[in-house]
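Student: sequence first, predicted coordinates after that:
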Amino acid sequence: MAAKPGGARSKRIQKAGLQPRPGEERRGDPTLSRERIVASAVELLDAHGVNGLTMRGLADAVGSGVMSLYWHVDNKEDVFDLALDSVLEYRGTSEPGEAQDWRGAVVQGLEDWRANMLRHPWSISLLPRRALGPNILYRLERLSQALSSAGVAAADLNIALWTLWNYVMGATITRASFVRSGGERTAEQPATQPTGRYPTIERSGLLRENDWDGTFSRGLDLLLNGLVPPRP
């Protein structure tokens, strides 16, 4: 299961947006804003990963002193929460509940979610252990409404949500882990050569498959067919 609100995390969730705090613009470095800090944090995370982000490095990136950052964010954990939620923002045009076929809404939302995480691979490791911010909660709300409109019973909704969550996370982690310095790990796999020892997976081309997007889409179709069987 993914991280859920609770304790100190719930407090971080409440302020996970990018709006300035009351009086924030009058304190510290007037050229700083939480939005600017978060944008710089995302750039650092993209370049150096989770372990490469330090408050000193972040301060240098925005051209400020470390202490000035703390007028806008609490600590590095706060920065992680805000950066993660920032890259998971849904930028589609439709709103939850708008008229749209449920299946198209689910597929569009999950493909966009996966694409965002692949653009920012560090988010894959952060999401399961961070507080859920407003952008990921918005995504889950959209997904919940689409599944409800498809006829998924309220008692089964959480099961359906976590099943799709786990599919997206698993598919994204697998895809990201097979990329090394712009190359594909599959090119290095000695098991891609037929040996006759594993005839079924050799026939399926499992270890030679590199249509990641197509495989994700077809797998999602199979999953949705099971979660919401066709109506008679």
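Tutor: Sure thing, it's come through.
Student: who's in contact with the helix ranked longest in the chain?
Tutor: In the chain, with assignment by DSSP state H, the single longest helix is helix 154-177. Helix 154-177 has contacts (Cβ atoms under 8 Å, 6 or more residues apart in numbering) with 1-2, 106, 110, 113-114, 117-118, 121, 124, 127-128, 140, 143-144, 147-148, 152, 185, 212, 216, 219-220, 223, 227. All C-beta spots, glycine's among them, are computed from the backbone N, C-alpha and C.
Student: what subset of the residues you listed is buried?
Tutor: 106, 110, 113-114, 117-118, 121, 124, 127, 140, 143-144, 147, 152, 212, 216, 220, 223, 227 (16 or more other Cβ atoms under 10 Å).
Student: out of the residues you listed, which are inside helices?
Tutor: Short answer: the buried ones among the contacts of helix 154-177 in helices (DSSP H) are 106, 110, 113-114, 117-118, 124, 140, 143-144, 147, 212, 216, 220, 223, 227.
Student: farthest-separated two in these?
Tutor: 144 and 212 (26.8 Å; Cβ to Cβ).
Student: how about the contacts made by the spatially most central residue of the chain?
Tutor: What sits nearest the mean C-alpha location of the chain, by Cα atoms, centre = their mean, is residue 117, with 4.6 Å. By Cβ under 8 Å, 6+ apart, residue 117 lies in contact with 87, 88, 123, 124, 127, 172, 176.
Student: who wins for neighbours among these?
Tutor: In terms of neighbour count, residue 123 stands highest of the contacts of residue 117 at 25 neighbours, by other Cβ atoms under 10 Å.
Student: ok, now how distant is that one from residue 113?
Tutor: 10 Å (Cβ to Cβ, to the nearest Å).
Student: which neighbours do these two share?
Tutor: Between them, residue 123 and residue 113 share the contacting residues residue 88, judged by Cβ under 8 Å, 6+ apart.
Student: how about the residue of the chain positioned farthest from its centre, nearest residue that isn't a chain neighbour?
Tutor: In the chain, residue 196 marks the outermost C-alpha relative to the chain mean, sitting 39.1 Å out by Cα atoms, centre = their mean. Counting by Cβ to Cβ, 6 or more residues apart in numbering, the nearest residue to residue 196 once its immediate chain neighbours are dropped is residue 202, at 7.6 Å.
Student: the one you found should be in a helix, yeah?
Tutor: Yes - assigned with DSSP: H, G, I helix; E, B strand; the rest coil, residue 202 falls within a helix.
Student: how does this structure divide into domains?
Tutor: Taking automatic domain parsing as the domain assignment, the ranges for the chain are 8-87, 102-186+197-227.
Student: how about the ones you listed in CSV, adding mean pLDDT?
Tutor: As requested, those are arranged in CSV below (pLDDT from 0 to 100):
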stretch, mean pLDDT
domain 8-87, 81
domain 102-186+197-227, 88
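Student: so where does residue 86 fall, helix or strand?
Tutor: In the assignment (DSSP states H and E), residue 86 maps to helix 76-87.
Student: same thing with residue 39?
Tutor: helix 34-48.
Student: if you count neighbours, what's buried in that helix?
Tutor: 34, 37, 38, 40, 41, 42, 44, 45, 46.
Student: grab the nearest non-local neighbour of the third one.
Tutor: Closest residue to residue 38 apart from its sequence neighbours, by Cβ to Cβ, 6+ apart: residue 82 at 4.7 Å.
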